[in-house]
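What shape does this take:
(one chain, ligands or ions: 2)
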Amino acid sequence: MASQQQLSAVKGAKVLMVGAGGIGCELLKTLALSGFQDIHIIDMDTIEVSNLNRQFLFRRSHVGLSKAKVARDAVLRFRPNINITPYHANVKDPDFNVDFFKKFNVVLNGLDNLDARRHVNRLCLAADVPLVESGTTGFLGQVTVHLKGKTECYECQPKPAPKTYPVCTITSTPSKFVHCIVWAKDLLFAKLFGDTTQDNDLNVRSSDAAGSSENSKDVFERRKDEDIEDYGRRIFDHVFGYNIEMALSNEDTWKNRNRPRPIYSKDALPEKSIKQNGSVEKNGSTDDPSSVSAMASLGMRSPQDVWSLMENSKVFLEALKLFFTTREKEIGSLSFDKDDQLAVEFVTAAANIRASSFGIPLHSLFEAKGIAGNIVHAVATTNAVIAGLIVIEAIKVLQNDTKNYRMTYCLEYPTKNMLLMPVEPFEPNKSCYVCSETPLSLEINTYQSKLRDFVEKIVKAKLGMHSPIIMHGSALLYEVGDDLEEDMVANYAANLEKVYASFSFI
Ligand SMILES: Nc1ncnc2c1ncn2[C@@H]1O[C@H](COP(=O)(O)OP(=O)(O)OP(=O)(O)O)[C@@H](O)[C@H]1O
Ligand SMILES: [Zn+2]
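Ligands and ions are numbered 1, 2, ... in the order given. Purely as a prediction, here's the structure:
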């Protein structure tokens, strides 16, 4: 039972929820049922079919609509007298600035990515508004409370970086299926269908191969009037045949490893089989490009089947062809999306052909999709438990009950008969570069590093700062903003290209 004091704290509170997905839906319901009356929700997404199994405020008829708005309408149906303000927008939009955050008594996160969480953490610190942060992965979950100066901020402890692999493991010496998936998704898929101006480790090999017979044009580019079948086979032979031969020529690499086997399309597939059996035309007339599927046009049904090398090769060529024939407009701007069937088919097939080359066991499309999308299946119950814990902490925050703040971990197996483990929050980390004023030191080669490297790789990528101002003493070297004078913009652009040593003050 809530005390009078708690009820009045809840009633008078203005809260901001960021994210109206798995946790967010549960949270909005629990807030409304706990007596909260002024709730603002930011979510940038629209509802997808795959959300419906757990984001229970949404129905099939809502697919394509704003999550924030539909969530609001759904809750108003059973709590018509409360105020819910939805924003269908990215929390990183400049409209949600420090002044915006200052309006709230507490901010509650139901996000699914580090970048947005870091952003909200920083705004809460700047606005001095308490933050209740949360996350779930399958059966695991946690809720933490962040109050400037009192408890650690979201960034006080370095977060384990998402698993990455050494580049050479991916480009030359894969030993696990996941290495082949990363290669297929981040290198090959990106190279063929993504932004080709981006540097990509496949470049290295593409230029030396092109050198011999062609002018130095990118091997991966489809030539003018090149038949799509020929193009597909050329790419196949290049990445699974030629590139492997090149790798084999470096004997040292293979001293203590199994040598991979080059695979050429003529070995994996009967010559021109696809053309002869004519199966490829079936997909041609579809109106909805997103429903195009290589499996469908090849008559393959089960995503659970592990395909043979020949089947993978067929799917590879068919998927590549379908991208060019039905989704040509997207080529050059695609990025891998686990919900894009054709992309998953292509990546599965490419990863399997590469796995076959390296003697790694092949996997089904279903398994490959899980690995490629980094999917841990969401558990609705965990989200509901976490949402309840967020509200409990929010109420403590509103009552200024600092002593009783807890970080709570939801465990997969009971420990000391408990599934929920409460821990007292930690003090702020004195050397946190986000919430304390500790200087950081960085050593760079001032003759090689450009200001651009520092801004892009360190300040933006590593420290996650979006609009930095870079000064040296009182000299302003770089800043970002909409209201800068033209000559300043030109000046900063020029500075970015300079190496440190060439700045006159050094
Ligand atoms: N920068 C952001 N601004 C606003 N909303 C965001 C931002 N980043 C993530 N979100 C929202 O946070 C929510 C997270 O919800 P959830 O973890 O359930 O993910 P999902 O995208 O709904 O589902 P899944 O990724 O599991 O398919 C999403 O609705 C997403 O739109
Ligand atoms: Zn901190």
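
Quick check: residue 476 is in a strand.
Yes. Under DSSP: H, G, I helix; E, B strand; the rest coil, residue 476 sits within a strand.

Only the buried residues of the longest strand along the chain, if you could.
Under DSSP state E, the strand in the chain containing the largest number of residues is strand 407-415. Residues of strand 407-415 classed as buried: 407, 408, 409, 410 (neighbour count, 16 or more other CB atoms under 10 Å). (C-beta placed from N, C-alpha, C; glycine too.)

Which other helices and strands does it contact?
Counting contacts by 3 or more CB pairs under 8 Å, 6 or more residues apart in numbering; DSSP states H and E, strand 407-415 is packed against strand 140-146, helix 380-398, strand 418-423.

how about residue 124, secondary structure?
Going by three-state DSSP: residue 124 is helix.

ok, and the closest non-adjacent residue to it?
Once flanking residues are discounted, residue 124 sits nearest to residue 131: 4.2 Å by CB to CB, 6 or more residues apart in numbering.

Is the one you found in contact with residue 118, as I believe?
No. Look at residue 131 against residue 118 with CB atoms under 8 Å: they stay out of range, at 11.4 Å.

Common neighbours of those two, please.
Residues touching both residue 131 and residue 118 by CB atoms under 8 Å, 6 or more residues apart in numbering: residue 154.

Compare those two (neighbour count), which wins?
Neighbour totals were compared for residue 131 and residue 118, and residue 131 leads with 28 against 20 (other CB atoms under 10 Å).

thinking again about what came up before, enumerate the beta-bridge partners assigned to the residue nearest to residue 124.
Taking DSSP bridges as the rule, residue 131 bridges to residue 107, residue 146.

Pull out the buried residues from stretch 309-326.
309, 311-324, 326.

Just to check, residue 295 is in contact with residue 366?
No. With contacts counted by CB under 8 Å, residue 295 stays clear of residue 366, the gap being 11.6 Å.

Name the residue in those two with the higher neighbour count.
Shown here are residue 295 and residue 366; by other CB under 10 Å, residue 295 has more neighbours (24 against 14).

That one and ligand 1: what is the separation?
The spacing between residue 295 and ligand 1, counted by CB to the nearest ligand atom, to the nearest Å, is 22 Å.

For that residue, give me its contacts.
Neighbour list for residue 295: 301, 303, 315, 341, 345, 365 [criterion: CB under 8 Å, 6+ apart].

now with 10 Å?
For residue 295, the contact set (CB atoms under 10 Å, 6 or more residues apart in numbering) comprises 301-303, 305, 307, 311, 314-315, 318-319, 341-342, 344-345, 348-349, 365.

Buried residues, stretch 331-348. List them.
Using 16+ other CB under 10 Å as the test for burial, stretch 331-348 gives 334, 336, 338, 340, 341, 342, 343, 344, 345, 346, 347, 348.

quick check, nearest of those to residue 159?
Distance to residue 159 across the buried residues of stretch 331-348 (CB to CB) is lowest for residue 338, with 21.9 Å.

Which residue, other than its chain neighbours, is closest to that closest one?
Take residue 338 and drop its neighbours on the chain: the residue closest to it by CB to CB, 6+ apart is residue 373, 2.9 Å away.
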